[in-house]
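1. model the following, please.
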Amino acid sequence: MALFKKLKDAIGSTDGELLASGIPAWGAIQGVQLNGTQVTIGVDQYRVCTFTVEVRLDGETPYRATVRQRVHELALARLDTAGAVCVKVDPSDRSRIALDLDSPPPVVRVPAPAPGTGRAAIVERGTDCEVVIVGHQPIGLRSHEGDDIHGFVLTVVPSDGAPYQAQVGLPLPPAALPLVFPGSRLPARVLPEEPGSVAILWESVAVA
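-> Numbers count the residues shown, from 1 in each chain. Below is the predicted model of the structure:
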């Protein structure tokens, strides 16, 4: 049995039971370690890797987990640009996960921010600025209030400083969609001590 386990670990076999019955979760790969083991099955080439993954279950605090798994070489090449991935989580042991690269990641809600943090804190304590939208796309997450969160690339123009670029995840109310396009200039607030903490003031912009 010990020899079988060592062989199983060496080839990085995927847990089929976990893929079939695990809880679907949103995942973001934070790191990939190639273990140097290449496996050939028929004409297909696989690589055994150890993945570090940020895991998000609906409405729960995100956490990190690691998994050693065999991945097709073509799928591994696509992971650099895949963004979010589907993760299956063992309900009895949240640290035990498997990557389900054949399924789309579920859309999950993020937990409400702690008091004194999050968008409300930026609006309350931040200084006025303007942002110019460079690009954006949904990332498969929703705010605790139900708005889709988009990953924005913004040029931030402070009232008393040099412009800079920031990448942030921000909730996008459906009514604000007509305002979101490359080159759109919008009022915002930013925490001076945290230049990446930006909140667009959707509520102060007239939306038809």
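2. I'd like to know how many residues surround A188.
-> By other Cβ atoms under 10 Å, the residues close to A188 number 24. Every residue, glycine included, has its C-beta placed from N, CA and C.
3. which parts of whichever strand or helix holds it are buried?
-> Taking DSSP states H and E as the definition, one finds A188 inside strand 185-191. By neighbour count on 16 or more other Cβ atoms under 10 Å, the buried set for strand 185-191 is L186, A188, R189, V190.
4. including distance to H150, could those residues go into TSV?
-> Shown next, in TSV, are these (distance: Cβ to Cβ, whole Å):
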residue	distance to H150
L186	13
A188	14
R189	18
V190	18
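5. nearest residue to the residue positioned nearest the centre of the chain in space, please, no chain neighbours.
-> Nearest residue to the geometric centre of the chain (Cα atoms, centre = their mean): A28, 4.7 Å. Distance criterion Cβ to Cβ, 6 or more residues apart in numbering; nearest residue to A28, sequence neighbours excluded, is E54 at 4.4 Å.
6. strand partners (parallel or antiparallel) of the helix or strand hosting the one you found?
-> Counting by DSSP H and E, the element that carries E54 is strand 44-56. The pairing partners recorded for strand 44-56 under DSSP bridges are strand 23-41 (antiparallel), strand 63-72 (antiparallel).
7. mean pLDDT for the ones you listed: which is lowest?
-> When the strands paired with strand 44-56 are compared by mean pLDDT, strand 23-41 comes last with a mean of 83.
8. where in this structure is pLDDT low?
-> 1-14, 36-43, 80-82, 206-208 (pLDDT under 70).
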